[in-house]
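Chemist: quick one, structure for this:
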Amino acid sequence: RAAIGDSLSSLSKNAGVLSLAIGVVTFAPYLWFAQAMAPVGTQTWELLVAYAVFTPVFVYGYCLASMAVGAARWGTFVLSRLITPLLVISGLLLLSVNGTSVRNVGLLLIGTSLIGLLFPLAQRAVRPAGPTRIEALKAALAFGLTGWPAGAVALLNQRIDLLMLTVMASKKELGFYAVSVTLAAVITGVAYAVAMPIRNRVSRGDHHVFPFATALVMAITLALAVALWLALPILVRVVLGTSFLPAIPVMTVLVAAQVPLAGIVMMTQCLIGSGYPGKPLAGEIAALAVTVCVILILVPRFGVLMAAHANLAGNAVSFSVLL
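Modeler: Numbers count the residues shown, from 1 in each chain. Here you go, the predicted model:
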């Protein structure tokens with residue numbers, strides 16, 4: 001709605017109402033989850049409860065960021081993303097001097113995230129104003145519920161290999177794999193950066209732009225993947241140390257997996273911009289099934305490298321279905 005010119009102040013108010021409703025609906029399940037994860041009264045339980053309390057604010061902040069993207073307020077969006085890590089680094093430095101605890105670090109992350117997410121409200125045009133339109137709320141809710149399953153499964157797909165390896169791999173193997181996932185994800189930032197303005201154009205009816213944009217982003221991602229692959233032996237030695245050299249094969253496969261993932265990101269965002277947020281679900285379910293099956297069958301026999309291959313296979317299947 002922001003991309004096609006709706007009032008940001010009106011959208012901001014509607015987003016606030018929906019965010020509050022989402023927070024109310026999810027509060028009880030979140031408390032149940034907190035009690036299942038940690039004993040009541042522990043620091044971990046307190047942090048989970050804090051996240052439950054601030055869920056409406058987090059959701060509202062994500063809406064504000066999306067509105068800024070839709071309205072092409074790139075400066076606001078970039079600053080809102082930069083503020084949080086800068087505050088986190090400053091806060092951790094202070095805590096390292098005065099003493100840290102799980103509670104203090106957790107509260108620091110919550111507080112700094114909220115500051116960054118709510119930063120767009122510094123602009124008057126984004127502050128909530130105007131009447132609350134029931135029709136707009138219904139339309140937003142219907143659109144969101146249509147896209148939510150695809151988004152939820154996509155999020156699970158991004159981490160299912162790590163989740164399964166927590167019970168299937170040794171701590172050392174899991175550590176190698178986690179570092180490899182983080183390294184590989186760096187080059188996918190290109191796809192996310194380009195997908196946002198392209199989605200805006202698609203929302204305005206310029207559907208012809210996204211096939212070439214998708215192909216171009218995948219080509220750029222491939223070039224970055226090859227460059228990173230060639231640099232891995234030196235990069236790992238200099239940045240991580242020689243003890244991480246055994247992780248290079250896993251890194252190589254996960255870097256390759258980012259190429260189809262770039263296409264998935266582009267096509268998913270363009271489908272959302274076209275008004276079809278539920279369309280990516282079929283590809284995500286197929287990818288999840290392939291990834292889980294490959295990990296269950298091959299990892300116990302051939303090791304964590306097969307989890308990386310499962311990630312690549314899942315991304316390839318999802319990309320094929322979307323295409």
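Chemist: number of residues surrounding residue 293?
Modeler: Counted with other C-beta atoms under 10 Å, residues neighbouring residue 293 total 13. All C-beta spots, glycine's among them, are computed from the backbone N, C-alpha and C.
Chemist: contacting residues for residue 65?
Modeler: 77, 80-81, 117, 120 (C-beta atoms under 8 Å, 6 or more residues apart in numbering).
Chemist: are any of those residues buried, and which?
Modeler: 77, 80, 117, 120 (16 or more other C-beta atoms under 10 Å).
Chemist: which one of those residues is nearest residue 61?
Modeler: Nearest to residue 61 among the buried ones among the contacts of residue 65: residue 117, at 2.4 Å, using C-beta to C-beta.
Chemist: which of the residues in the helix or strand containing that closest one are buried?
Modeler: Using DSSP states H and E, residue 117 maps to helix 102-118. Buried residues in helix 102-118, defined by neighbour count with 16+ other C-beta under 10 Å: 104-114, 116-118.
Chemist: ok, so of those residues, who is nearest residue 254?
Modeler: Minimum distance to residue 254 across those is 25.8 Å, recorded for residue 109 (C-beta to C-beta).
Chemist: so the most centrally placed residue in the chain, which state does it fall into?
Modeler: For the chain, residue 155 is the residue whose C-alpha lies nearest the centre (C-alpha atoms, centre = their mean; 6.8 Å). What DSSP: H, G, I helix; E, B strand; the rest coil gives for residue 155 is helix.
Chemist: ranges for the helices of the stretch 101-250 of the chain?
Modeler: Taking DSSP state H, counting those that start in this stretch as the criterion, the stretch 101-250 of the chain contains helices spanning 102-118, 134-168, 171-185, 189-203, 210-235, 248-273.
Chemist: specify the angle between the fifth one and helix 171-185 in degrees.
Modeler: When you say that, I think you mean helix 210-235. With axes from the mean of the first three to the mean of the last three C-alpha atoms, to 10 degrees as the basis, helix 210-235 and helix 171-185 are set at 130 degrees to each other.
Chemist: same question for helix 210-235, mean pLDDT?
Modeler: In this model, helix 210-235 has a mean pLDDT of 94.
Chemist: mind listing what's buried in it?
Modeler: If you call a residue buried by 16+ other C-beta under 10 Å, then helix 210-235 has these buried ones: 210, 213-214, 217-218, 220-221, 224-225, 228-229, 232, 235.
Chemist: contacts only, for residue 179.
Modeler: For residue 179, the contact set (C-beta under 8 Å, 6+ apart) comprises 240, 244, 247.
Chemist: out of the residues you listed, which end up buried?
Modeler: Taking 16+ other C-beta under 10 Å as the criterion, what is buried in the contacts of residue 179 is 244, 247.
Chemist: can I get the contacts of residue 179 in JSON lines including distance to residue 166?
Modeler: Formatted as JSON lines, these follow (distance: C-beta to C-beta, whole Å):
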{"residue": "240", "distance to residue 166": "21"}
{"residue": "244", "distance to residue 166": "19"}
{"residue": "247", "distance to residue 166": "17"}
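Chemist: look up how far residue 148 lies from the residue nearest to the centre of the chain.
Modeler: According to C-beta to C-beta, to the nearest Å, residue 155 stands 10 Å off from residue 148.
Chemist: burial count for residue 46?
Modeler: 17.
Chemist: now do the contacts for the closest residue to it other than its chain neighbours.
Modeler: Once flanking residues are discounted, residue 46 sits nearest to residue 103: 6.3 Å by C-beta to C-beta, 6 or more residues apart in numbering. Shown in contact with residue 103 (C-beta under 8 Å, 6+ apart): 43, 46-47.
Chemist: swap in residue 255?
Modeler: Residue 255 sits next to 183-184, 187, 225, 228-229, 232 when contact means C-beta under 8 Å, 6+ apart.
Chemist: need the pLDDT of it.
Modeler: pLDDT, residue 255: 95.
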